[in-house]
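*Asks:* how would this look folded up:
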Amino acid sequence: MRLALEVDPSVISVEAIDMVLWDLGDSPIRPKRLIVPRGATLTGRAGCTDDDGDGVIDCPGAIPTFVTFAETDEKYVLIDIATRSPTYGLDFLREIGKLRVRVKDDAPLGEILIKAAQVPVEKDGEVVFFESGGEASFQPYVGKFQAANEVREGKITIEPRKLFLRGDANENGSVELADAIAVLNYLFLSGKEPGCLDTADGNDDGSVDLGDGIFILFALFEGLTIPEPSPACGRDRTADALGCKASTCEEASD
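*Replies:* Numbering: from 1, shown residues only. The predicted structure follows:
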């Protein structure tokens with residue numbers, strides 16, 4: 001399966017694809033994900049770990065088998081996804097992955113399009129154009145690349161970003177031990193969900209997990225630097241799916 005897309009590089013850049021790992025029984029392996037940055041090729045097993053400590057990777061049958069995010073001009077996105085499953089992406093609607101996008105600081109508010117493209121790639125001294133599609137899994141087209149019949153545009157709506165202080169999970173205006181505890185309570189003890197999940201994403205990796213509680217502790221006691229916005233209130237400079245329901249602080253006036 002191939003994705004060939006085009007974006008406006010003056011507004012956004014696509015930095016990685018965040019893949020969902022599935023097993024051969026077509027069940028999602030949760031919470032296993034595979035982050036493939038631009039210019040890299042990774043196998044599905046790269047997203048698996050030995051969770052129970054028995055020396056065996058816990059999802060040996062993970063699909064996709066491998067994912068390649070080609071190094072191209074910044075305005076293009078060219079991703080190849082290979083799998084041993086003949087029904088992957090064909091048998092039912094499933095989440096395959098999400099593009100990790102960085103919005104430029106001076107991006108205008110409004111809608112941004114991610115469009116289907118024919119991506120030029122130099123191969124053996126010639127320029128070849130790649131488009132979205134895949135190899136058919138049915139006769140007589142097995143092993144032959146077929147262009148997609150339809151590729152719908154994606155849209156990103158840029159709205160004014162909410163103000164928050166990263167690491168301030170309890171939203172009291174400062175980062176302290178109680179914030180690390182608030183993250184852990186939310187994750188493991190059915191604690192209150194932060195009104196702004198970005199505040200709890202202490203390491204700014206786009207998700208809220210155990211690593212954030214630990215990161216905040218290390219920032220407090222070992223001198224790690226919490227990513228912006230910190231140490232002052234501000235807006236998120238990285239795109240993710242967390243967001244804030246409302247601003248949790250106010251920017252200092254000049």
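*Asks:* after the least confident helix or strand in the chain by mean pLDDT comes which helix or strand?
*Replies:* With mean pLDDT, DSSP states H and E as the measure, the helix or strand of the chain carrying the lowest mean pLDDT is strand 28-37 (a mean of 70). Toward the C-terminal end, the helix or strand that comes next after strand 28-37 (DSSP states H and E) is strand 41-43.
*Asks:* Who are the packing partners of that following strand?
*Replies:* Applying 3 or more Cβ pairs under 8 Å, 6 or more residues apart in numbering; DSSP states H and E, one finds that strand 41-43 makes contact with strand 66-69. C-beta here means a position set from N, CA and C on the backbone, and glycine is covered the same way.
*Asks:* Okay, buried residues for the helix or strand following the strand it packs on please.
*Replies:* Using DSSP H and E, the helix or strand that directly follows strand 66-69 along the chain is strand 76-82. By neighbour count with 16 or more other Cβ atoms under 10 Å, strand 76-82 contains the buried residues 76-82.
*Asks:* who does the helix or strand just after strand 76-82 pair up with?
*Replies:* Downstream of strand 76-82, the next assigned helix or strand under DSSP H and E is strand 97-103. Take DSSP bridges as the rule and strand 97-103 pairs in its sheet with strand 12-22 (antiparallel).
*Asks:* that older thread, quick check: of the buried residues of strand 76-82, which lies closest to Arg100?
*Replies:* Val77 (11.0 Å; Cβ to Cβ).
*Asks:* hang on, isn't the closest one packed against Ser13?
*Replies:* No - in this structure, Val77 is not within contact of Ser13 by Cβ atoms under 8 Å, at 9.8 Å.
*Asks:* shared neighbours of the two, which are they?
*Replies:* The contact sets of Val77 and Ser13 overlap at Val7 (Cβ atoms under 8 Å, 6 or more residues apart in numbering).
*Asks:* what are the ranges of the helices in the stretch 151-254 of the chain?
*Replies:* 177-188, 197-200, 210-221 (DSSP state H, counting those that start in this stretch).
*Asks:* Would you mind putting these into CSV with distance to Val151, mean pLDDT and mean neighbour count alongside?
*Replies:* Below are these laid out as CSV (distance: least, Cβ to Cβ, whole Å; pLDDT from 0 to 100; neighbours: other Cβ atoms under 10 Å):
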stretch, distance to Val151, mean pLDDT, mean neighbour count
helix 177-188, 37, 95, 19
helix 197-200, 31, 94, 26
helix 210-221, 35, 96, 19
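*Asks:* Of all these, which one comes closest to Glu153?
*Replies:* Per Cβ to Cβ, nearest to Glu153 of those: helix 197-200, 27.3 Å.
*Asks:* Just list what that closest one packs against, helices and strands only.
*Replies:* helix 177-188.
*Asks:* what packs against the helix it packs on?
*Replies:* Partner elements for helix 177-188 (3+ Cβ pairs under 8 Å, 6+ apart): helix 197-200, helix 210-221.
*Asks:* Output those helices in TSV; the columns should cover distance to Ile35.
*Replies:* Shown next, in TSV, are these (distance: least, Cβ to Cβ, whole Å):
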stretch	distance to Ile35
helix 197-200	19
helix 210-221	14
